[in-house]
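Participant: Mind folding the following:
(4 chains)
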There are 2 protein chains.
Amino acid sequence: MDMQLKQFTNAEISDLLVRHDINPTPQRVVVTRVILERCAHLSAEDLFQIIEQMPDRPGVSLATVYNTLGLLAQKGVVREVIADSSKVVYDPNTSAHHHVYNVTTGELFDVDAHLMQVTGMPSLPPGTSLEGVDVIVRVRTPS
Amino acid sequence: MDMQLKQFTNAEISDLLVRHDINPTPQRVVVTRVILERCAHLSAEDLFQIIEQMPDRPGVSLATVYNTLGLLAQKGVVREVIADSSKVVYDPNTSAHHHVYNVTTGELFDVDAHLMQVTGMPSLPPGTSLEGVDVIVRVRTPS
DNA sequence: ATGAGCTTTATAATTATTCTAAATGGATAT
DNA sequence: ATATCCATTTAGAATAATTATAAAGCTCAT
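Facilitator: The predicted model follows:
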């Protein structure tokens, strides 16, 4: 009952990596293939476990899965999504506002919600209630 | 050169906690006082270290700082901000889109960026370039 | 004083991730 | 073939933030 929406040949994946300026090693090909074929939000650990059970895989270590995903994200093949977090700060400002976060320096600034707004809120999944809406504008200080 | 915008008495903090339905123990009062007076984005560890150096503090353990901040956030005294993250998933969908995250179940859904948009982007801090804009609608499945 | 119940504490455990240093592998020069 | 180079991969250690646990401490009504 696998929901595999799409299948790719190794050659297709290889081409994709090359087009994104990535050396297509066997490990990178299999990681990329799996995340594209599964077409789901997967963590490094998820991917590692899926790949472990594949019959015809190259040896792929967890470290390589992390490295590869980081590389794929950096090159724009996939997107990194910060969902849950185990790194949290607390903000005494409880009024509605959003944040600008400098990923280089770690600085965090508030932006009033009346300046920056979210339009077109989707209807919530059935049986759920709204917990909050977070907007984070991530910026970088180029080296 | 401390930027203390505001000072509170213990009685004021105590009242605030009671109004938010929190039993105002000495530890909770000092944690709350510090985060409100500093008026900055602080992590549990930040607060713990600040409190450690105060002369007239009650004993406050790191675990209590965590517990207290969690409680304050839950009761709406402060707000939890997910900035950096060490829990990441990868999304093969690189088109512009946002997310609905169910904090109870961990489920994550895409929302097309043409459905939900962010208006009024602030001008970026000088010397920074845009890395991305994340919108996460957090929902909960009530127990 | 005693017991109930909440709170705090020290410490261990967990979890996700990153680091490190050695091993591997494939391409190229000899 | 052989040596060499360099990127990549690897196992395992290290780190960092947080959460869990179980014992000890307070407080307050009896």
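Participant: for chain A, what are the low-confidence residue spans?
Facilitator: Along chain A, segments meeting pLDDT under 70 span A:1-4, A:83-87, A:143.
Participant: domain parsing for chain A?
Facilitator: In the domain annotation for chain A, the residue ranges read A:10-74, A:84-143 (automatic domain parsing).
Participant: Can you lay out those as a markdown table showing mean neighbour count?
Facilitator: Any C-beta I mention is one placed from the backbone N, CA and C, and that applies to glycine too. Formatted as a markdown table, those follow (neighbours: other CB atoms under 10 Å in any protein chain shown):
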| stretch | mean neighbour count |
| --- | --- |
| domain A:10-74 | 17 |
| domain A:84-143 | 16 |
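Participant: could you dump the ones you listed to TSV with distance to B:Ile82?
Facilitator: As requested, those are exported to TSV (distance: least, CB to CB, whole Å):
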stretch	distance to B:Ile82
domain A:10-74	16
domain A:84-143	4
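Participant: Ok, which of the ones you listed comes nearest B:Pro92?
Facilitator: Nearest of the domains of chain A to B:Pro92, taken as CB to CB: domain A:10-74 at 5.1 Å.
Participant: Next, the contact list for A:Leu36, please.
Facilitator: A:Leu36 makes contact with A:Lys6, A:Phe8, A:Ile13, B:Pro92 under the criterion CB atoms under 8 Å, 6 or more residues apart in numbering or on different chains.
Participant: Correction: the previous question concerned A:Glu52.
Facilitator: If a contact means CB under 8 Å, 6+ apart, then A:Glu52 has no contacts.
Participant: try it again with 10 Å
Facilitator: Going by CB atoms under 10 Å, 6 or more residues apart in numbering or on different chains, A:Glu52 touches A:Val60, A:Leu62, A:Val65.
Participant: Against DNA strand D, how distant is it?
Facilitator: Separation of A:Glu52 from DNA strand D (CB to the nearest atom of the strand, to the nearest Å) stands at 11 Å.
Participant: Could you pull up phi and psi at that residue?
Facilitator: Main-chain torsions, A:Glu52, degrees, to the nearest 10: phi -50, psi -30.
Participant: give the contact list for the nearest residue to A:Lys75 once chain neighbours are set aside.
Facilitator: Nearest-residue entry for A:Lys75: A:His20, 4.4 Å, with adjacent residues in sequence omitted and distances by CB to CB, 6 or more residues apart in numbering or on different chains. Contacts for A:His20 (CB under 10 Å, 6+ apart) come out as A:Thr32, A:Leu71, A:Leu72, A:Gln74, A:Lys75, A:Gly76, A:Val77.
Participant: Which ones among those lie within helices?
Facilitator: Residues of the contacts of A:His20 located in helices (DSSP state H): A:Thr32, A:Leu71, A:Leu72, A:Gln74.
Participant: partner residues bridging the residue nearest the centre of chain A?
Facilitator: Geometric centre of chain A, nearest residue: A:Glu80, 2.1 Å, by CA atoms, centre = their mean. Bridge pairing for A:Glu80 (DSSP bridges) gives the partners B:Tyr90.
Participant: so what's it up against?
Facilitator: A:Leu69, A:Gly70, A:Leu72, A:Ala73, A:Gln74, B:Ser85, B:Val88, B:Val89, B:Tyr90, B:Asp91, B:Gly132, B:Asp134.
Participant: if I look at the residue nearest to A:Lys75, how far off is A:Gln74?
Facilitator: 10 Å (CB to CB, to the nearest Å).
Participant: same deal with A:Asn102?
Facilitator: Separation of A:Asn102 from A:Gln74 (CB to CB) stands at 18 Å.
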